[in-house]
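Participant: how would this look folded up:
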Amino acid sequence: MKENDIAKQIVDAAFKVHTTLGPGLLESVYEIVLAHEISQKGLRVERQKAIPIEYNGIKFKEGFRADMVVQNLVIIELKSVEKVSSVHKKQLLTYLRLSDKKLGLLINFGSALIKNGISRIVNGLEN
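Facilitator: Numbering: from 1, shown residues only. A predicted model of the protein is given here:
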């Protein structure tokens with residue numbers, strides 16, 4: 001399964017979670033429920049995954065923690081805020097570069113409509 005196929009499954013799961021729970025809960029609630037929904041689709045989900053980085057020739061085991069990584073291909077960054085700022089998108093792009101992944105989804109469960117709360121961030125992904 002490729003990144004775009006995985007992303008479609010994630011978006012479907014996010015839609016289900018958002019329509020069931022609604023906006024306004026803590027990110028941690030959405031994380032656990034979304035992970036459950038994604039795993040119900042037969043996809044492997046890792047929560048709070050430590051991603052190693054290399055800096056000045058030194059390898060650090062825990063450079064940052066990704067909210068979720070699906071099938072070891074797609075990073076999900078979750079938010080539950082009134083409005084996503086440009087720094088959130090830049091943060092996810094940096095995560096993709098540092099982890100050598102090609103696709104990330106920034107999902108804001110604070111949005112009134114979940115379709116307006118999902119941003120697709122790419123790092124060299126071909127369609």
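Participant: which pLDDT value does the model give residue 54?
Facilitator: Note for residue 54: predicted pLDDT of 88.
Participant: please apply the same query to the one 3 residues further on.
Facilitator: Each residue has a pLDDT score; the one for residue 57 is 92.
Participant: one more: residue 115?
Facilitator: Residue 115 carries a pLDDT value of 93.
Participant: how many neighbours does it have?
Facilitator: Per other C-beta atoms under 10 Å, the neighbour tally for residue 115 reads 10. C-beta here means a position set from N, CA and C on the backbone, and glycine is covered the same way.
Participant: that's a helix at residue 24, yeah?
Facilitator: No. Secondary structure of residue 24 (DSSP: H, G, I helix; E, B strand; the rest coil): coil, not part of a helix.
Participant: buried residues of the top strand by length along the chain, list them for me.
Facilitator: Assignment by DSSP state E gives strand 58-70 as the longest strand of the chain. Of the residues in strand 58-70, 66, 67, 68, 69, 70 count as buried by neighbour count, 16 or more other C-beta atoms under 10 Å.
Participant: strands paired with that strand, and their directions?
Facilitator: When pairing is defined by DSSP bridges, strand 58-70 lines up against strand 45-55 (antiparallel), strand 74-79 (antiparallel).
Participant: so what does the longest helix along the chain touch, helix or strand wise?
Facilitator: Among all segments of the chain classified by DSSP state H, the helix with the greatest residue count is helix 3-21. Under the contact definition 3 or more C-beta pairs under 8 Å, 6 or more residues apart in numbering; DSSP states H and E, helix 3-21 sits against helix 27-40, strand 74-79, strand 103-108, strand 118-122.
Participant: nearest residue to the middle of this structure?
Facilitator: Nearest residue to the geometric centre of the chain (C-alpha atoms, centre = their mean): residue 76, 0.6 Å.
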